[in-house]
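Student: Need a 3D model of the following:
(4 chains, ligands or ions: 4)
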Protein chains: 2
Amino acid sequence: MPRGPHWFHRRIRGYGCRLTLPRQRILEVLSRSSKHLSAEEIYHRVHQVYPAIGLTTVYRTLEMLVSGAMVMRFDFGDGRTRYELIKDQGALTSHHHLICRVCLKIIDCEEFTGDERDYLKSIEKKLSKKYKFEIREHQTRFYGVCDKCKKEVTDYAKR
Amino acid sequence: MPRGPHWFHRRIRGYGCRLTLPRQRILEVLSRSSKHLSAEEIYHRVHQVYPAIGLTTVYRTLEMLVSGAMVMRFDFGDGRTRYELIKDQGALTSHHHLICRVCLKIIDCEEFTGDERDYLKSIEKKLSKKYKFEIREHQTRFYGVCDKCKKEVTDYAKR
DNA sequence: TTGGTAATGAAAACCATTTTCAATAAGGAG
DNA sequence: CTCCTTATTGAAAATGGTTTTCATTACCAA
Ligand SMILES: [Mn+2]
Ligand SMILES: [Mn+2]
Ligand SMILES: [Zn+2]
Ligand SMILES: [Zn+2]
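Tutor: Ligands and ions are numbered 1, 2, ... in the order given. Just a heads-up that it's a prediction; the model follows:
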């Protein structure tokens, strides 16, 4: 079930926060843009339609959205934190990425089948018991080389 | 097959680097200490036995060990990069963690059975084909609440 | 409409990491 | 072993993403 702006507006109010103009603009950018944006990328995009925005507000709004479980925060090792709006509740508990070691491109990988999810659930159950650890969600990162970078390496070898 | 200091000394030389005193001390700390140390934690431990060490050298040595695939680098979101010596080659291609959302404790989870590894391998194969992405390794992070923090929440509720 | 206060933006501070640069020491050639 | 080249080192300064400070603004409950 995909969720539009309204839903997030209600979530913010329900979280005890004011629904301000900067927050609405930030949510719009998050819901329309590609995933895994950095704070500065969000700042620049909001700035196009709302020049008064401050980078500080972007950071503060993201912090609020993360604590309110409306946004996920990632660190893929390129020196900046990245953010993704949670449009689908399932993405919260089970979220996976392919990460290219060469160009650092991130591919969202939402194609886990029911079987695969069940399997991870069973591993979770086992680990929960073994470590007395209450597991709420999991993420897998698959590191490697993307299609484009593979080709470039091949081209380089031919010269 | 666990690997002692000698092995890493040879790896460093084979990687075309000089085997210096600071590097040896850093390797000793990494192989003896608990896992997932930050650069500053490593610096302090080395400083005990080798006071001349500089924090800069710690960063540079870790960088070298990471590019030489002798150390793994992680970012668990606490504002500092963390490092772990690769003692066992298997840990490189398949490495998993339990991460407490409350106290940020990291538990290494090395108990994946052959079945579980085979299963992830089959998922990898599928994803490789679908995204034309050459997968070299994977890591899973299980987020939740650790035993200790669960107890503290319970105690808090009783008051 | 209004008052209390949460939220904002600019500037400064913070702090992990990187860069600079002169001094040092690893290790191959002889 | 000694010498010489140059990779490596450590202190200090710079960098850059993020956070804090503080005076001003604007939500929104009453
Ligand atoms: Mn994602
Ligand atoms: Mn680990
Ligand atoms: Zn790539
Ligand atoms: Zn905990």
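Student: what secondary structure does A:Arg136 sit in?
Tutor: Of the three states, A:Arg136 takes strand under DSSP: H, G, I helix; E, B strand; the rest coil.
Student: Check the gap between it and DNA strand C for me.
Tutor: Between A:Arg136 and DNA strand C the distance is 25 Å, computed by C-beta to the nearest atom of the strand, to the nearest Å. In short, each C-beta sits where N, CA and C put it, glycine included.
Student: these two touch, right, that residue and B:Tyr143?
Tutor: Yes. Counting by C-beta atoms under 8 Å, A:Arg136 does reach B:Tyr143; the two are 5.7 Å apart.
Student: which residues are common contacts for those two?
Tutor: By C-beta atoms under 8 Å, 6 or more residues apart in numbering or on different chains, A:Arg136 and B:Tyr143 have these common neighbours: B:Arg101.
Student: So the two - more neighbours on which side?
Tutor: Taking neighbours as other C-beta atoms under 10 Å in any protein chain shown, A:Arg136 and B:Tyr143 compare with B:Tyr143 leading, 17 against 13.
Student: And chain A, is the host helix or strand of that one touching that?
Tutor: Here B:Tyr143, judged by DSSP states H and E, is contained in strand B:134-145. Yes. Residues of strand B:134-145 are located near chain A by C-beta under 8 Å from any C-beta of the partner chain, namely B:Glu134, B:Ile135, B:Arg136, B:Glu137, B:His138, B:Gln139, B:Thr140, B:Arg141, B:Phe142, B:Tyr143, B:Gly144, B:Val145.
Student: now, among the residues you listed, which is nearest to ligand 4?
Tutor: Comparing the residues of strand B:134-145 next to chain A against ligand 4 with C-beta to the ion picks out B:Val145 as the nearest, at 6.2 Å.
Student: For stretch A:98-117, C-alpha coordinates in CSV please.
Tutor: Extracted C-alpha coordinates of stretch A:98-117, given in CSV (Å, rounded to 0.1, in the frame of the first residue of the first chain):
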residue,chain,number,x,y,z
LEU,A,98,23.1,-4.2,-4.0
ILE,A,99,26.1,-1.9,-3.5
CYS,A,100,28.8,-1.4,-6.2
ARG,A,101,32.3,-1.4,-4.8
VAL,A,102,33.5,0.6,-7.8
CYS,A,103,31.1,3.5,-8.3
LEU,A,104,29.2,3.2,-5.0
LYS,A,105,25.8,3.0,-6.8
ILE,A,106,23.0,1.6,-4.7
ILE,A,107,20.3,-0.6,-6.1
ASP,A,108,17.2,-1.2,-4.1
CYS,A,109,16.3,-4.8,-4.2
GLU,A,110,12.7,-5.4,-3.4
GLU,A,111,12.3,-8.6,-5.1
PHE,A,112,12.5,-11.0,-2.2
THR,A,113,9.9,-13.6,-2.6
GLY,A,114,7.6,-14.9,0.1
ASP,A,115,9.9,-18.0,0.5
GLU,A,116,12.9,-15.8,1.0
ARG,A,117,11.2,-13.7,3.6
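Student: Tell me how far that stretch lies from the chain's centre.
Tutor: In terms of C-alpha atoms, centre = their mean, to the nearest Å, the centre of stretch A:98-117 is found 12 Å from the chain centre.
Student: wait, does the host helix or strand of A:Val29 contact ligand 1?
Tutor: Assigned by DSSP H and E, A:Val29 falls within helix A:21-32. No. Helix A:21-32 is not in contact with ligand 1 by C-beta under 5 Å from the ion; minimum separation 12.4 Å.
Student: which helices and strands sit right next to that helix?
Tutor: In terms of contacts (3 or more C-beta pairs under 8 Å, 6 or more residues apart in numbering or on different chains; DSSP states H and E), helix A:21-32 is packed against helix A:5-14, helix A:39-49, helix A:55-67, strand A:82-85.
Student: I'd like to know how far A:Ser128 sits from DNA strand C.
Tutor: As judged by C-beta to the nearest atom of the strand, A:Ser128 and DNA strand C stand 31 Å apart.
Student: quick one: the residue lying closest to that residue once chain neighbours are set aside and B:Gly68, what's the gap?
Tutor: Nearest residue to A:Ser128 in three dimensions, chain neighbours excluded: A:Ile135, at 5.4 Å (C-beta to C-beta, 6 or more residues apart in numbering or on different chains). Remark: distance between A:Ile135 and B:Gly68 (C-beta to C-beta, to the nearest Å) = 34 Å.
Student: go on, A:Arg13?
Tutor: Separation of A:Arg13 from B:Gly68 (C-beta to C-beta): 52 Å.
Student: So for those two, which sits in the more crowded spot?
Tutor: For A:Arg13 versus B:Gly68, neighbours defined as other C-beta under 10 Å are more numerous around B:Gly68 (16 against 11).
Student: give the contact list for the residue in chain A that ligand 2 sits nearest to.
Tutor: Across chain A, the shortest distance to ligand 2 (C-beta to the ion) belongs to A:Arg141, at 13.0 Å. By C-beta under 8 Å, 6+ apart, the residues touching A:Arg141 are A:His96, A:His97, A:Ile99, B:His138, B:Gln139, B:Thr140, B:Arg141.
Student: That concludes my questions; thank you for your assistance.
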